[in-house]
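Visitor: predicted model, plus sequence, below.
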Amino acid sequence: MRRNAILVLLLILVIGLQSCKKPIPPPIEITTSKAVFVLNEGNFMGGNASVSYRDLETGAVTADLFQTANGFYLGDVGQSMLKLEDKLFIVVNNSGKIEVVNASDFKSVMTIQGLTSPRYMLKVGENKAYVTDLYAKEIAIVQLSSGTKIGQIPLPYWTEELVLLNGKVFVGTAEHNKVYVVDPTSDAVSDSISVGNSPGSLCADKEGNLWVLCYGSDLNLLNGSMYKITQPGLVPSLVHAFPTSLAYGSMLTSNGQADSLFVLATDVYSFPITQPSFSNPLVSRNGKNFTALGYDSNSYRLYVADSKDFNQKGESFVYSGEGVLLDSFEVGVIPGMFLFGE
């Protein structure tokens, strides 16, 4: 009897240990060519950043693709995403890291560490990327194959979005009025261009010109503005100054041909690069808190996300290029960026 009792106890122990094992998530089949990914910031210090995934063929939405695929959470404050070949790089700001996943199944394959508070990432060479930062006052240089930080480019202010244009990297800054020009071959600052306060969102057009959306500053009572930097010569010209009655611009993107721009500035505006105008919004806010803007050049659809009260799950709206509402779907807390399949 005693032997049987011991066997029963051992069996219970084995079953208990098996139940404590973390289940291996089943593989997820992702059709990146017909998909939209929404990176949700989550609440600061909440550790609830997430990636919402929508299959554009079926309309099915996966609420938290990263956690579903990997069995652990993404981290704190999802900032931006970048697709490079068969990998997706997810910049997680307050966690000080970049999660690298397979585009085919979203399984984590690498975590890039050694970053202070990363913001945006841009590939600038065969095996090299730049990463801007909120607190480090530098651009980190990352080797893509190993996922290691191999250097830095010092700058006096925090850095935001980057654009590679005509062999030069243009970098926006916050709380300052400079767009810096970096030579990606020497990893050195070669020039700076004076624009409005806090030039944070950058976009290139089909003619090789750079458009810069300047956030302004609530603290210093500086209104936002938009500048166009023409090539050659890198000559900046003021395109629009936001009046006090209109909230500052926060996001800028272009259509597939890069001949029209979309601007998120409380409402959403659209105009050809030859005739920039903020007279009539393409999409009116109507009480929503718009925090993300993206254009899918495959389907010619405009995506705008509403963060609602910044605590509950958000919602993404799909519009035609003419601003007609076509669809909507639920996303995570504080949606901040769209990434479309290619």
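Guide: Sure, I can see it.
Visitor: give me the buried positions along stretch 160-169.
Guide: 160-165, 168-169 (16 or more other CB atoms under 10 Å). For the C-beta atoms, the positions are set from N, CA and C on the backbone; glycine is no exception.
Visitor: in TSV, list these along with pLDDT, secondary structure and distance to Val324.
Guide: Shown next, in TSV, are the buried residues of stretch 160-169 (pLDDT from 0 to 100; DSSP: H, G, I helix; E, B strand; the rest coil; distance: CB to CB, whole Å):
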residue	pLDDT	secondary structure	distance to Val324
Glu160	97	strand	32
Glu161	97	strand	29
Leu162	97	strand	33
Val163	98	strand	30
Leu164	97	strand	34
Leu165	96	strand	32
Lys168	97	strand	38
Val169	98	strand	37
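Visitor: and the two most separated of these?
Guide: The most widely separated members of those, counting by CB to CB, are Glu160 and Lys168 (16.7 Å).
Visitor: in contact with Tyr53, which residues?
Guide: 30, 35-38, 61-62, 65, 106 (CB atoms under 8 Å, 6 or more residues apart in numbering).
Visitor: do you know how far Gly341 is from Leu65?
Guide: Note on Gly341: its distance to Leu65, by CB to CB, to the nearest Å, is 13 Å.
Visitor: I'd assumed Glu99 was in contact with Phe66.
Guide: Yes. Using CB atoms under 8 Å, Phe66 makes contact with Glu99 at a distance of 7.2 Å.
Visitor: same for the helix or strand where Leu252 lies, what does it pack against?
Guide: Using DSSP states H and E, Leu252 sits within strand 251-254. Helices and strands touching strand 251-254, by 3 or more CB pairs under 8 Å, 6 or more residues apart in numbering; DSSP states H and E, are strand 199-204, strand 210-214, strand 260-265, strand 290-296.
Visitor: ranking those by burial, who's on top?
Guide: The highest mean neighbour count among the helices and strands packed on strand 251-254, using mean count of other CB atoms under 10 Å, belongs to strand 210-214: a mean of 27.
Visitor: show me what it is packed up against.
Guide: By 3+ CB pairs under 8 Å, 6+ apart, strand 210-214 packs against strand 199-204, strand 225-230, strand 251-254.
Visitor: need the CA coordinates for the shortest one. PDB is fine.
Guide: Going back to what we said before, that points to strand 251-254. Output of strand 251-254 as PDB, limited to C-alpha atoms (Å, rounded to 0.1, in the frame of the first residue of the first chain):
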ATOM      1  CA  MET A 251       1.800  63.000 -38.300                       C
ATOM      2  CA  LEU A 252       2.700  63.200 -42.000                       C
ATOM      3  CA  THR A 253       2.700  60.600 -44.800                       C
ATOM      4  CA  SER A 254       2.300  60.300 -48.600                       C
END
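Visitor: hmm, who's touching it?
Guide: Contacts for strand 251-254 (CB under 8 Å, 6+ apart): 201-205, 211, 213, 226, 260-264, 292-295.
Visitor: can I assume Ser117 is in contact with Ala136?
Guide: Yes. Ser117 is in contact with Ala136 according to CB under 8 Å; the separation is 6.8 Å.
Visitor: and stretch 307-315, what's buried?
Guide: Those would be 307-308, 313-315, for stretch 307-315 by 16+ other CB under 10 Å.
Visitor: relative to Asn43, how far out is Gly172?
Guide: 25 Å.
Visitor: look at those two and report which has more neighbours.
Guide: Each of Gly172 and Asn43 has its neighbours counted (other CB atoms under 10 Å); Gly172 has more, 28 against 14.
Visitor: how about the more buried one, nearest residue that isn't a chain neighbour?
Guide: Residue nearest to Gly172 in three dimensions, not counting chain neighbours: Glu160, with 4.1 Å by CB to CB, 6 or more residues apart in numbering.
Visitor: OK, contacts around the one you found?
Guide: Contact analysis of Glu160 by CB under 8 Å, 6+ apart lists 119-120, 132, 171-174, 199-201.
Visitor: so, low pLDDT: which residues of the chain?
Guide: Scanning the chain for pLDDT under 70 picks out 1-29, 31-33, 244-248, 342.
Visitor: right, I'll call it a day here.
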